[in-house]
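>>> here's my sequence, what's the structure:
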Amino acid sequence: MHTTTYHSQRRAQRDRDLLEKALLSLATGAVGFFFFFLLALGGFELLHLTRIYPGVSVAGVPVGGLTETAAARRLSERLVFLQSGQVTLRDGDRTWVYTPAQLGLFLDPEASARAAFSVGRQGNLFQRLTTQFAAWRDGRGLPPALVWDERRAFEVLTQLAAETDVAVVEPTLQINGTEVVVLPGQTGRALDLPTSLGLLSAQLHSLQNGSVPLVVNEVRPVIADIEGQADLARRVLSQPLSLVMPPNQGDQQGPWTFDPATLAGLLGFERVHNGDEASYQLTLNSQALGSYLAELGPRLARYPQNPRFTFNDSTGQLELLQPGVIGRALDVEASLASIREKVMRGEHNVELAFTFTPPPVSDQATGADLGVRELVISQFSYFYGSGPERIQNIQAAAARFHGLLVPPGATFSMAEALGDISLENGYAEALIISGGRTIQGVGGGVCQVSTTLFRTVFFGGYPVVERHPHAYRVSYYEKEDGNRRNPRLAGLDAAVFVPLVDFKFINNSSSWLLMETYVNPTYSNIQWKFYSTNDGRSVDWETTGPTNVKEAPKPSYKENPDLPTGEVKQVDYAADGAEIRVIRRVYKDGALFFEDSFYTEYQPWQAMYEYGPGTEGMPPEDTEEPAAE
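Below is the predicted model of the structure:
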């Protein structure tokens, strides 16, 4: 039993020894293999320390085992597509062929080699070895490093745009003479540079020959329809344009007509934008038409005029003599607006627009309304010996004042009320004083009327604003009833010569003043009446009469070749000069209201004669001057 146990133990020991030797031998082999592996791996890495790992290629060109410099050189030699490849740009049937290099695409061999060299050199040791093994086993292809100069491609596309693009043409409207001309538009084409550049980029970076369709957009005219405005212009020019007055104006004037040729010069077409859309609008030259209306306006203007009345002394009531006149003024802006509106509707008759102003006094006014209740002053002057022409002028001038109303507080201008003294307004030629001479002139005798008004104002106690005496003493203005001459009336005359010499006074009462004038050729007098309300005023006056009298110069004689031999004609008449001062005191309810004075200096006036050539003997003695102002 002991022997068996002993042998069993010996066998077990021997087995253990054998196992230990086997394990030791195995361990020694593994260590040797690992050492050999490490030695081989180190040699591999050392060999590729400056070289690209095996299996790496760029754009199909193998560069494994090459240095970066050698790899860059190989890529430059083999990748010739950029210089020899063909990229076709296409627009319909038209084509343009370029190399990638012409379109700005270039190889960067150094960057490509650096990218190849970097394969298997990133990450930890395990990641690097895995990448190196995979490249060696399966290969690792890299795209080339390219540089694309988009500016070159953009320049190429811009040059092509000059061939592909077609400018859009907007339709236009013109007026040629009186004809409306329509010029049709044209659809344009425009190369879409950004989109086309994107398509080109994709084709270039594929490094393959290929075709790139250019993107060309259609550009339609902004203005689509112009026939409507063209038809409107034709309707406008089909007939003359007439401007007319509103109805019921009494002094109906016009019409003012623009023939089609003139109207065409006032028309035009304006381009109007509405968001992305546009259209043509027929327009009217408002500036030119406005200037025309501005010139027309003064001829159509009418100032408001109060009605004219007479006072019925029996009833104490006003009787309408002449209706009032509503004032009007051409409203240029409103007329322009109306013309534009009507013309744009194709209408050819346009009513002008006016503003109307009623007079201060209505036709229905009563004496109580105006304070015209009684006769407050009346004055006469006499014109014995006046010829028919002078009497005609007195009547024409006096009629201008018959029935006139003067507002309370107003300054009355006789020249303004007289207006134009002309043959057309009913005046005749008679003797007047002008330029230091007594000559024939239109309106001789009007100063008989102004003198009568002055005396009515003077004795009525109204303030005088402006008064001018005559140059010399005129006998008419010193005459009384019965053709008697009264020197106390000297200095109570007033001259009016429209528009330079005026007579003005103030109605300084609180009531309106009504004027009435009556000319009686039979009795050679003119009467002026003021109707108003008696406010208690009275007049006291005194005069120096003619003083510092200066004799008239000796007569002068002048040959007139138009007169026959032996005929002598007196053309001006002698009058002594003098100075006169008149003082007036106006009282109101017994108290002095105001005081004024009127100074007159008459010039000595020379008689003048004209005679025919060869006339002998003395001229006749000077006579009293005839009916001059």
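>>> which non-adjacent residue is nearest I583?
For I583, ignoring the flanking residues on the chain, the nearest one in space by Cβ to Cβ, 6 or more residues apart in numbering is S597 at 4.7 Å. Bear in mind the C-beta positions are built from the backbone N, C-alpha and C, glycine included.
>>> so the one you found sits right up against R581, yeah?
Yes. Using Cβ atoms under 8 Å, S597 is in contact with R581, at 6.0 Å.
>>> which of those two has more neighbours?
More crowded of S597 and R581, by other Cβ atoms under 10 Å: R581, with 15 against 11.
>>> quick one: pLDDT of the more buried one?
For R581, the pLDDT comes out at 97.
>>> residues in contact with the helix or strand hosting R340: which ones?
Using DSSP states H and E, R340 sits within helix 332-344. If you take Cβ atoms under 8 Å, 6 or more residues apart in numbering as the criterion, helix 332-344 is touched by 232, 236, 241, 243, 282, 284, 286, 289-290, 293-294, 297, 349-353.
>>> buried ones among these?
Using 16 or more other Cβ atoms under 10 Å as the burial test, the contacts of helix 332-344 include 232, 236, 241, 243, 282, 284, 286, 289, 293, 297, 350-353 as buried.
>>> between all of those, which two are separated the most?
Greatest spacing in the buried ones among the contacts of helix 332-344, by Cβ to Cβ: L232 and G297 (28.7 Å).
>>> show only the entries of the contacts of helix 332-344 found in helices.
Among these, the members found in helices (DSSP state H) are 232, 236, 286, 289-290, 293-294, 297.
>>> rebuild the residues you listed as TSV, extending it with distance to E389 and pLDDT.
Converted to TSV, the ones in helices among the contacts of helix 332-344 look like this (distance: Cβ to Cβ, whole Å; pLDDT from 0 to 100):
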residue	distance to E389	pLDDT
L232	62	88
V236	56	90
S286	52	87
L289	47	91
G290	47	91
L293	42	92
A294	41	94
G297	37	92
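>>> nearest to P408, of those residues?
G297 (31.7 Å).
>>> surely the closest one meets R328?
No. Assessed by Cβ under 8 Å, G297 is found out of contact with R328, at 10.2 Å.
>>> quick one: common contacting residues for the two?
Counting by Cβ under 8 Å, 6+ apart, nothing touches both G297 and R328.
>>> list the contacts for F459?
Applying Cβ under 8 Å, 6+ apart, we find F459 in contact with 377, 379, 539, 541.
>>> 6 Å - rerun?
F459 sits next to 377, 539 when contact means Cβ atoms under 6 Å, 6 or more residues apart in numbering.
>>> quick one: the helices in the stretch 151-300 of the chain?
In the stretch 151-300 of the chain, the helices defined using DSSP state H, counting those that start in this stretch lie at 193-205, 227-236, 260-264, 286-300.
>>> redo these as a markdown table? Include distance to E333.
As requested, the helices of the stretch 151-300 of the chain are exported to a markdown table (distance: least, Cβ to Cβ, whole Å):
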| stretch | distance to E333 |
| --- | --- |
| helix 193-205 | 51 |
| helix 227-236 | 21 |
| helix 260-264 | 20 |
| helix 286-300 | 8 |
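>>> so which of these is nearest D91?
Going by Cβ to Cβ, the one of the helices of the stretch 151-300 of the chain nearest D91 is helix 193-205, 9.6 Å.
>>> flag every buried residue along that closest one.
193, 196-197, 200-201, 203-204.
>>> other residues contacting it?
87, 100, 105, 153, 157, 210, 212, 214-215.
>>> and if we set it to 10 Å?
82, 85, 87-89, 91, 98, 100, 103-105, 143-144, 146, 148, 150, 153-154, 156-158, 160-161, 164, 192, 209-217 (Cβ atoms under 10 Å, 6 or more residues apart in numbering).
>>> of the residues you listed, just the buried ones, ChimeraX syntax please.
Entered in ChimeraX, the line below selects the buried ones among the contacts of helix 193-205, by 16+ other Cβ under 10 Å:
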select :82,85,87,89,91,98,100,103,104,105,144,146,148,153,154,156,157,160,161,164,212,214,215,216
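>>> quick one: F401 and M515 touch, right?
Yes. F401 is within contact range of M515, at 5.0 Å (criterion: Cβ atoms under 10 Å).
>>> overlap in contacts of these two?
Common neighbours of F401 and M515, using Cβ under 10 Å, 6+ apart, are 308, 412, 417, 453, 528.
>>> and the furthest pair within those residues?
R308 and L453 (16.5 Å).
>>> tell me which of these two has more neighbours.
For R308 and L453, the more surrounded residue by other Cβ under 10 Å is L453, and the numbers stand at 26 against 21.
>>> quick check: next helix or strand after the strand or helix carrying the more buried one?
Using DSSP H and E, L453 falls within helix 446-460. Following helix 446-460 in sequence order, the next helix or strand is strand 464-466 (DSSP H and E).
>>> neighbours of G612, how many?
For G612, using other Cβ under 10 Å, the count is 16.
>>> who's in contact with it?
Listed by Cβ under 10 Å, 6+ apart, the contact set of G612 reads 559-569.
>>> and which of the residues you listed is nearest N486?
For the contacts of G612, the nearest to N486 is K569 (31.0 Å; Cβ to Cβ).
>>> circling back to that earlier point, which residues do S597 and R581 both contact?
E542.
>>> mind checking how far A116 is from A135?
According to Cβ to Cβ, to the nearest Å, A116 stands 10 Å off from A135.
>>> so between the two, which is more surrounded?
Between A116 and A135, counting by other Cβ under 10 Å, A116 is the more crowded of the two (28 against 21).
>>> so that one belongs to a helix, correct?
Yes. Under DSSP: H, G, I helix; E, B strand; the rest coil, A116 sits within a helix.
>>> OK, contacts around it?
Counting by Cβ under 10 Å, 6+ apart, A116 has contacts 52-53, 56-58, 61-64, 66, 68, 71-72, 75, 135, 140-142, 144-145.
>>> next one: H273
Applying Cβ under 10 Å, 6+ apart, the residues near H273 are 222-223, 279.
>>> list the ones among those residues that fall in strands.
Here DSSP state E is the test, and the contacts of H273 give S279 as lying in strands.
>>> beta-bridge partners for S413, please?
K504 (DSSP bridges).
>>> what ranges does the stretch 101-250 of the chain have for its strands?
105-107, 140-142, 146-148, 172-176, 179-183, 188-191, 210-213, 216-219, 241-244 (DSSP state E, counting those that start in this stretch).
>>> want to throw the ones you listed into CSV with distance to A368?
Formatted as CSV, those follow (distance: least, Cβ to Cβ, whole Å):
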stretch, distance to A368
strand 105-107, 109
strand 140-142, 119
strand 146-148, 105
strand 172-176, 64
strand 179-183, 66
strand 188-191, 83
strand 210-213, 100
strand 216-219, 82
strand 241-244, 42
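>>> P358: which of those strands is closest?
Among the strands of the stretch 101-250 of the chain, strand 241-244 comes nearest to P358, with 23.1 Å by Cβ to Cβ.
>>> other SSEs contacting that closest one?
Secondary-structure packing of strand 241-244 (3 or more Cβ pairs under 10 Å, 6 or more residues apart in numbering; DSSP states H and E): strand 256-258, helix 260-264, helix 286-300, helix 332-344, strand 349-351.
>>> okay then, goodbye and thanks.
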